[in-house]
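**Q** next one to model:
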Amino acid sequence: MTTSLPMEGVDVAFLPEDFDVPTLVAGPSFRIRPLTVHDVVKDYDAVMSTREMLWEQFGERFGWPGVDLTLEQALIDIAWLQKEGQLRRSFTYAVLSVDEERMIGRIQILPPRQSGVDAGVLFWMRRDVTGTALADELTDFVEEWAISAWPFKTICFPGRDLSWSDWLTSRSS
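**A** Model prediction:
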């Protein structure tokens with residue numbers, strides 16, 4: 001997801017300096033790797049083919065993805081997300097088919113916004129994947145991966161196990 005999630009406190013690292021950020025996860029039905037500007041065409045297709053569903057999930061809060069989202073704006077948004085990862089402030093991953101020809105969705109690992117939580121995890125999948133065995137497999141995987149591959153003990157899934165209102169009004173201590 002792009003757009004400006006409130007990122008107060010992003011200058012404070014939420015990962016240990018010596019933590020190696022995951023760069024590739026290969027499962028039997030998907031590959032997960034950092035999102036880059038080279039993914040813009042696949043990502044734009046995934047976003048726009050799922051735009052109405054994504055708007056229901058994110059639109060009122062973040063104004064994304066607008067009906068007028070252009071490929072150029074998508075490129076700018078992805079470049080921003082890529083830079084955030086390079087600065088270790090947040091991490092956005094492309095979820096791709098095994099051959100990397102098709103974008104399935106995205107995962108974002110975000111700094112915590114409330115005490116007692118180490119990170120927030122946002123993820124979405126294309127409309128044609130939701131409700132499938134792949135969606136179930138991916139959901140289970142993301143929930144486990146966020147705990148097992150990252151140095152987090154407690155995570156939350158804004159919009160899933162924590163209301164958007166609570167996530168957006170919280171401030172980490």
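**Q** skip the chain neighbours and tell me the closest residue to Y44.
**A** Spatial nearest neighbour of Y44, excluding adjacent residues (Cβ to Cβ, 6 or more residues apart in numbering): A74 at 4.6 Å. Glycine gets a C-beta too; all of them are placed from N, C-alpha and C.
**Q** would you list the phi and psi of that neighbour?
**A** Backbone torsions for A74, taken as degrees, to the nearest 10, come to phi -60, psi -40.
**Q** sort out which residues of the host helix or strand of L75 are buried, please.
**A** For L75, the host element (DSSP states H and E) is helix 71-86. The neighbour-count check on helix 71-86 (16 or more other Cβ atoms under 10 Å) flags 74-75, 77-78, 81-82, 84-85 as buried.
**Q** which residues touch it?
**A** 2-3, 21, 34-37, 39-41, 43-44, 47, 90-92, 108 (Cβ atoms under 8 Å, 6 or more residues apart in numbering).
**Q** remind me which residues of the chain are low pLDDT?
**A** The chain contains residues with pLDDT under 70 at 1-13, 170-173.
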